[in-house]
Structures are given as C-alpha cells and as structure tokens.
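Participant: any chance you can model this:
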Amino acid sequence: MEPDALPKLTRIPRHVAIVMDGNGRWAEKRKQPRLFGHKAGVDSVRDVVETSRELGVEVLTLYAFSSENWKRPENEVSGLMKILKSFLQGELDRMLRNDIRLISIGEREKLPDSVRSVLEKTIKKTSQNSALTLNLALSYGGRVEIAHCVSRIAEACLAGEFSPADIDESLIDKYLYTAGLPDPDLLIRTGGEHRLSNFLLWQASYAEIFFTPVMWPDFRKSDFLQILEEFGSRERRFGKTGAQIRSS
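Facilitator: Residues are numbered from 1 along each chain as shown. All right, here's what the predicted structure looks like:
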C-alpha cells in the first residue's frame, strides 16, 4: 500500500509498544515446530515497522525476547537468537534506505557474543537515522529495569550527585532504559492473552492498551491500522475529567 492510500487517522501515537505473542501457538496449530512460528513472525515485524514509518510514528518498541524467555528449552532459545541475528543482518539495508534508527533495551550483555556484535554494529550504522526509532526489547524485564534504575539512583545519591529528597518521577525517567524516549501512547498485545508480562511497567502507566486474539504471525497492516483507528477514538484523560479535556 502506498503512503497516500493510508486511512486518515485522527491521532497518530508518538510511541507504539507491542507484545508480539502467539508465535509458538500459531506453529503448534499447524503441527510445526515452535520456531516455525517465530520465523513467520518476522514478516509481521516488517509489516508493522513499514506502516509505522509511513504513518510518522516516532518510536516503535517490540518485545522481542524477555528476561524470562531464557528459561525456555535450549533449542528454542538458540533458534530465537539465530532468527534475531538473521533479522538484523537482513534488515540493515532496509533500515538505512528508510531512515530507521535501531536501538535496544534490556540486559544486552546476556545475549550471545555473535548476536550482540551484530546488534551493536546495526545500532551504530543506523544511529544517524531519524524517521523512526525501532526499539527492540531484548533480554528485557520491567522489574529488572526498575531494580537497575533504583540501584543507579542509590549510587548517585551515595556519590553526592543529589539527595533522596530530589528523587521524583522525572529523575526516575532519566535512569530507566528508555531515557530520552516518550512513554508509549499505545500498547498492543497479540495472541489473545490479557496481561503485560513484565513489559514497560513504569512507562505504560497511561498507555492505551489493546488486546487482540490475532496471533503475531497473522498480524498485518490491516490489523494494525484498525487498532490505530480505534486508538484515535479514545479519550485520553490522564486523571482529568472528560469535560476538562474537551475544554482545553
């Protein structure tokens, strides 16, 4: 679909975050290994990234591998790392052509050396791009992030950089993995489950949340646009009354 064929949306979220769930179950329903579903899900990633770029979304955060996912069977973890490495290598030219900057959040040091090397090279090569920031949450967990943030703030207090009385929400934002990024306006979870699964627990406090039964390998541009249209119809009050918002 060409950019001029896109629907006229009433509101474009600055930051969209997605829990890409349902890959394994999608494969199992087809009597295929779980990794078959993860490989198929790469096409959905490409579709959503391209649509976000066309619409002018500033940040797209994809929950690609959680800190809990390390507990999965070794062959699945190994396969996921190979898919990640292949994706990064295969999409670099596309990211450069489309002015997409890649970043990542999470415990990057836990990734295999070969994967981390490709990831860091891709981040460096796309660092000057500005049309869309693609943020991959890798070895990421919201509670780990918050604990890491608290630890860094405590160290700064002990170093005399500021006092406990100075700690507020804006200071915490500066010590999170997502420092410098806007909080997500829209959080989508595919696959039919209704939970956050330890994803952006601090940042998503006022995100509009959409749960869809569509499995991630089946999630395409049309599904994404449908959610974006509904997002535009929601009244975001941030604790105020609807009358206050409408009169502002």
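
Participant: was I right about Pro41 contacting Asn23?
Facilitator: Not quite, residue 41 is Gly, not Pro. Yes: Gly41 is within contact range of Asn23, at 4.7 Å (criterion: Cβ atoms under 8 Å). In short, each C-beta sits where N, CA and C put it, glycine included.

Participant: now the strands for this structure?
Facilitator: When secondary structure is read from DSSP state E, the chain shows strands at 15-19, 59-66, 100-105, 132-140, 186-189, 208-211.

Participant: just checking: what are the partner strands of the longest one?
Facilitator: Strands flanking strand 132-140 in the sheet, each with its direction: strand 59-66 (parallel), strand 100-105 (parallel) (DSSP bridges).

Participant: residue closest to the middle of this structure?
Facilitator: The centre of the chain sits closest to Thr61, judged by Cα atoms, centre = their mean, with a distance of 2.0 Å.

Participant: in the protein, which ranges drop under the pLDDT threshold?
Facilitator: 1-7, 236-248 (pLDDT under 70).

Participant: make it 90
Facilitator: Residues of the chain meeting the criterion pLDDT under 90: 1-10, 233-248.

Participant: farthest from the middle of it: give me that residue.
Facilitator: The centre of the chain is farthest from one residue, Gly160, which by Cα atoms, centre = their mean lies 34.3 Å away.

Participant: quick revisit: just name the most buried of the strands paired with strand 132-140.
Facilitator: strand 59-66 (a mean of 23; mean count of other Cβ atoms under 10 Å).

Participant: what residues does stretch 93-109 touch?
Facilitator: 46, 49-50, 53, 61, 65, 67, 88, 116, 119-120, 122-123, 125-141, 144-145, 177-178 (Cβ atoms under 8 Å, 6 or more residues apart in numbering).

Participant: run the last query once more with 7 Å
Facilitator: 49, 53, 67, 116, 119, 122-123, 126-127, 129-140, 144, 177-178 (Cβ atoms under 7 Å, 6 or more residues apart in numbering).

Participant: thinking again about what came up before, shared neighbours of Gly41 and Asn23, anything?
Facilitator: Shared contacts of Gly41 and Asn23, defined by Cβ under 7 Å, 6+ apart, are found at Trp216, Pro217.

Participant: next, the angle strand 100-105 makes with the top helix by length along the chain.
Facilitator: The longest helix of the chain (DSSP state H) is helix 74-97. If you take axes from the mean of the first three to the mean of the last three Cα atoms, to 10 degrees, helix 74-97 sits at 150 degrees to strand 100-105.

Participant: tabulate the CA atom coordinates of helix 74-97 in PDB.
Facilitator: In PDB, the C-alpha atoms belonging to helix 74-97 read as follows (Å, rounded to 0.1, in the frame of the first residue of the first chain):
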ATOM      1  CA  GLU A  74      17.700 -24.500  25.000                       C
ATOM      2  CA  ASN A  75      17.000 -25.400  21.400                       C
ATOM      3  CA  GLU A  76      14.200 -22.800  21.200                       C
ATOM      4  CA  VAL A  77      16.400 -20.100  22.800                       C
ATOM      5  CA  SER A  78      19.300 -20.900  20.400                       C
ATOM      6  CA  GLY A  79      16.900 -20.800  17.500                       C
ATOM      7  CA  LEU A  80      15.500 -17.400  18.600                       C
ATOM      8  CA  MET A  81      19.000 -16.000  18.800                       C
ATOM      9  CA  LYS A  82      19.700 -17.200  15.200                       C
ATOM     10  CA  ILE A  83      16.500 -15.600  14.000                       C
ATOM     11  CA  LEU A  84      17.400 -12.400  15.700                       C
ATOM     12  CA  LYS A  85      20.800 -12.300  14.200                       C
ATOM     13  CA  SER A  86      19.500 -13.100  10.700                       C
ATOM     14  CA  PHE A  87      16.800 -10.400  11.000                       C
ATOM     15  CA  LEU A  88      19.400  -7.800  12.000                       C
ATOM     16  CA  GLN A  89      21.700  -8.800   9.100                       C
ATOM     17  CA  GLY A  90      18.900  -9.000   6.600                       C
ATOM     18  CA  GLU A  91      17.100  -5.700   7.500                       C
ATOM     19  CA  LEU A  92      20.100  -3.400   7.800                       C
ATOM     20  CA  ASP A  93      19.900  -2.100   4.200                       C
ATOM     21  CA  ARG A  94      16.100  -1.700   4.500                       C
ATOM     22  CA  MET A  95      16.600   0.400   7.700                       C
ATOM     23  CA  LEU A  96      19.200   2.500   6.000                       C
ATOM     24  CA  ARG A  97      17.000   3.100   3.000                       C
END
